[in-house]
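Participant: predicted model follows, preceded by the sequence.
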Number of protein chains: 2
Amino acid sequence: MTGPVHTTRDHGGGIDAAARRFGGRRHEWLDLSTGINPVPYPVGDVPMAAWADLPDTRAMEALLTQARRFWGLPDGTDILAAPGASALIAQLPRLAPATTVTINGPTYNEHEAAFRAAGWQLGDAGDAQVIVQPNNPDGRMRDAAEIPQLALTVIDESFCDVTPERTLIGLARRPGTLVLKSFGKFWGLAGLRLGFAIARPETLAELAERLGPWPVSGPALHIGARALSDDTWAEETRRRLAVDAARMDALMAGGGATRVGGTSLFRLYDVADARTWQTRLARHRIWTRIFPYSSRWIRLGLPHPDHWQRLEAAIGDPGRP
Amino acid sequence: MTGPVHTTRDHGGGIDAAARRFGGRRHEWLDLSTGINPVPYPVGDVPMAAWADLPDTRAMEALLTQARRFWGLPDGTDILAAPGASALIAQLPRLAPATTVTINGPTYNEHEAAFRAAGWQLGDAGDAQVIVQPNNPDGRMRDAAEIPQLALTVIDESFCDVTPERTLIGLARRPGTLVLKSFGKFWGLAGLRLGFAIARPETLAELAERLGPWPVSGPALHIGARALSDDTWAEETRRRLAVDAARMDALMAGGGATRVGGTSLFRLYDVADARTWQTRLARHRIWTRIFPYSSRWIRLGLPHPDHWQRLEAAIGDPGRP
């Protein structure tokens, strides 16, 4: 036996490690280390056939029809569903010969890891580029005019459903450009594993071949189709997240933190000592995200509506790190 | 809009196409065109965290611990979970330089498709080989001694859990050899998307990189761990499937079909005209599998216990094709 072979890069999550270090049982922890909507889309009843049968073309088309409508696909593009955006991120660097990729960091670290694993080098003026829109963790947004056309362009819009007016989806018309969408974050069902790529059909065909047939589970097809048809839920969720994000900013400002970026799914703050802040909140069993490249940045996801008091108490506590 | 980009090779399933051709509504059809156990492992309650949270290392390790125990991994090997064996099949040809692969057909056609998509040629005495154990559709079994050591060997044991004594898992100790396991077929939950590769850790590490982090859904981790720990269910299921397979053979023999192979998850019969048989059963809304390479072979999965009478009536009906 040789231990887990899955990749173990620096990510949010890691409640188990936090609990080992600071005590408490797993379910006692409030995990604010990710950017996942804490009020998920209702799972509802999943029909037995969705669990038992090989997911058929009809169920996939029902999902993709709703996805095309929800995101408003540009003419000349189509959409591919995958078991999570991360399954796509791992494959994308393999769609073009490995040369140099430009990734203006800091950003979500799986992109660099996937390009490196496929033999690419990081550098300026590459043949490929990665844009995370809005960027994680700082929330930076780009305009389409800033983005050159290269052999391969990955536009990761995993957090863009809270700001749909800033989508760069129009660039998916360009050859070699793919726009990624994540179901787990905005709809709050990260365990479901559902993500999408939008691009020209010939680009998607190559990617589909690499995923194999039946890439998405029956429950994900079923729940995803329902969620993507529910514009009312999406609008209400955007409003609630915006209100909650402002509440978080006020709370953190009261604790002495300065907001430096983020989206309404996660907030990025500048503090004197991020590690001290993380430790102080961890003593209250609240887990946050800090970054190996910054001693001052701390990122918090939003709590479930039931957990604000707990967060308020923790931030109000002067603590003794 | 350009239509679905997913691969659409000849597979079982396809009830929608059958219903378009022969009439009837989808739910009125009895699908015997696959080799999926018609009495699935009970899904039970799936905790909300399994849907909502990013599947964590602990849940993955809980699944893999049960998987290692259930299949009895040889020393020096480990196991990787994926969103279905088909996700692995699509990636395996990319683990070695594309030269010539030997696939003694007829067998499950996704292997050839995946190797061709990765640039391999089919031929004798290749640098890679694919063994499906037991073979689909004829049920042929190999002994370990028959299988040479090559740069890349794929042993697909998707249907081997009904005959665990015939596993070739010991060969997973060899460099470049991977043994695949499917959760969907024996446990009857094909929609869940769960499959495994067993191999040396360095081989699995490369494969894990290609799947990305969090490859398996929270519900699949949860249900899979429970199912793989349930030896009683597995033993009872093997017994029931064996009894039902014998019942199917008797029924088909009464209709004039000769059994030529299969496993207790699917049966292969020789008939005078397979297309006529398929059509005759389709008029009773029962869908079966025939093959582009044989005019005489017809393959049937087993019906759910509630549906035997219907199958008996259909086979007993002389029909008029």
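Facilitator: Ah, there it is. Residues are numbered from 1 along each chain as shown, chains lettered A, B, ... in the order given.
Participant: burial check on residue A:76, number of neighbours?
Facilitator: 13 (other Cβ atoms under 10 Å in any protein chain shown). From N, CA and C alone the C-beta is placed, and that goes for glycine too.
Participant: same check, this time on residue A:256
Facilitator: Neighbours of residue A:256 (other Cβ under 10 Å): 11.
Participant: what about it, which SS state?
Facilitator: Following DSSP: H, G, I helix; E, B strand; the rest coil, the label given to residue A:256 is coil.
Participant: contact partners for it?
Facilitator: For residue A:256, the contacting residues are A:271-272, by Cβ atoms under 8 Å, 6 or more residues apart in numbering or on different chains.
Participant: now do the same for it: its pLDDT.
Facilitator: Note for residue A:256: predicted pLDDT of 95.
Participant: so how far is residue A:150 from it?
Facilitator: 42 Å (Cβ to Cβ, to the nearest Å).
Participant: and for residue A:184?
Facilitator: Residue A:184 is 28 Å from residue A:150, by Cβ to Cβ.
Participant: quick one, which of these two is more surrounded?
Facilitator: residue A:184 (27 against 17).
Participant: and the more buried one, how far from residue A:35?
Facilitator: From residue A:184 over to residue A:35 (counting by Cβ to Cβ), the distance is 10 Å.
Participant: contacts only, for residue A:291.
Facilitator: A:106, A:137, A:274, A:297, A:299.
Participant: among the residues you listed, which lie within helices?
Facilitator: Using DSSP state H, the subset of these located in helices is residue A:274.
Participant: neighbour-wise, which of the contacts of residue A:291 leads?
Facilitator: Result: residue A:137 is most packed of the contacts of residue A:291 (other Cβ under 10 Å), 28 neighbours.
Participant: mind pulling up the pLDDT for that one?
Facilitator: pLDDT, residue A:137: 97.
Participant: what's across from the closest residue to residue A:253 other than its chain neighbours in the sheet?
Facilitator: Counting by Cβ to Cβ, 6 or more residues apart in numbering or on different chains, residue A:253 lies nearest to residue A:259, which is 7.3 Å off, once chain neighbours are set aside. When assigned by DSSP bridges, residue A:259 has beta-bridge partners residue A:269.
Participant: correct me if wrong: residue A:259 contacts residue A:271.
Facilitator: No - contact criterion Cβ atoms under 8 Å: residue A:259 and residue A:271 do not qualify, at 10.6 Å.
Participant: these two - which one has more neighbours?
Facilitator: residue A:271 (20 against 16).
Participant: what does the stretch 201-321 of chain A have sitting close to chain B?
Facilitator: Neighbours of chain B within the stretch 201-321 of chain A, by Cβ under 8 Å from any Cβ of the partner chain: A:201, A:204-205, A:208-220.
Participant: repeat that for 10 Å
Facilitator: A:201-223 (Cβ under 10 Å from any Cβ of the partner chain).
Participant: just the strands in the stretch 201-321 of chain A please.
Facilitator: Ranges of strands within the stretch 201-321 of chain A are A:258-263, A:266-270, A:286-287, A:289-291, A:294-301, based on DSSP state E, counting those that start in this stretch.
Participant: how about the CA coordinates for the second one, as PDB?
Facilitator: The C-alpha trace of strand A:266-270 is given here as PDB (Å, rounded to 0.1, in the frame of the first residue of the first chain):
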ATOM      1  CA  PHE A 266     -15.600  34.900  -1.800                       C
ATOM      2  CA  ARG A 267     -14.000  38.000  -0.400                       C
ATOM      3  CA  LEU A 268     -10.300  38.900  -0.200                       C
ATOM      4  CA  TYR A 269      -9.000  41.000   2.600                       C
ATOM      5  CA  ASP A 270      -5.700  42.600   3.500                       C
END
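Participant: buried set for that strand?
Facilitator: A:266-269 (16 or more other Cβ atoms under 10 Å in any protein chain shown).
Participant: which strands and helices sit next to that strand?
Facilitator: Contact partners of strand A:266-270 among helices and strands, from 3 or more Cβ pairs under 10 Å, 6 or more residues apart in numbering or on different chains; DSSP states H and E: helix A:231-254, strand A:258-263, strand A:289-291, strand A:294-301.
Participant: now do the contacts for residue A:81.
Facilitator: Residues counted as contacts of residue A:81 (Cβ atoms under 10 Å, 6 or more residues apart in numbering or on different chains) are A:55, A:60, A:63-64, A:67, A:88, A:181, A:183, A:194-197, A:208, A:211, A:215-216, A:220-221, A:224, B:5-6.
Participant: can I assume it sits in a strand?
Facilitator: Yes - using three-state DSSP, the assignment for residue A:81 is a strand.
Participant: gap between it and residue A:229?
Facilitator: Distance from residue A:81 to residue A:229, by Cβ to Cβ: 15 Å.
Participant: residue A:36 too?
Facilitator: 21 Å.
Participant: look at those two and report which has more neighbours.
Facilitator: More neighbours surround residue A:36 than the other of residue A:36 and residue A:229, with 26 against 16 (other Cβ under 10 Å).
Participant: which secondary structure state does that one sit in?
Facilitator: Quick answer, by three-state DSSP: residue A:36 is coil.
Participant: that one contacts residue A:186, doesn't it?
Facilitator: Yes - shown here, residue A:36 and residue A:186 form a contact pair, counting by Cβ atoms under 10 Å, at 8.8 Å.
Participant: could you count how many residues lie near residue A:88?
Facilitator: Residue A:88 has 27 nearby residues by other Cβ under 10 Å.
Participant: from the stretch 1-150 of chain A, which residue is nearest to chain B?
Facilitator: Chain B sits closest to residue A:90 of the stretch 1-150 of chain A, with a gap of 3.3 Å, by Cβ to the nearest Cβ.
Participant: okay, now that residue: neighbour count?
Facilitator: Neighbours around residue A:90, by other Cβ under 10 Å: 27.
Participant: one step back: any chance of the helices and strands packed on strand A:266-270 in a markdown table with distance to residue B:293 as columns?
Facilitator: Formatted as a markdown table, the helices and strands packed on strand A:266-270 follow (distance: least, Cβ to Cβ, whole Å):
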| stretch | distance to residue B:293 |
| --- | --- |
| helix A:231-254 | 49 |
| strand A:258-263 | 54 |
| strand A:289-291 | 55 |
| strand A:294-301 | 54 |
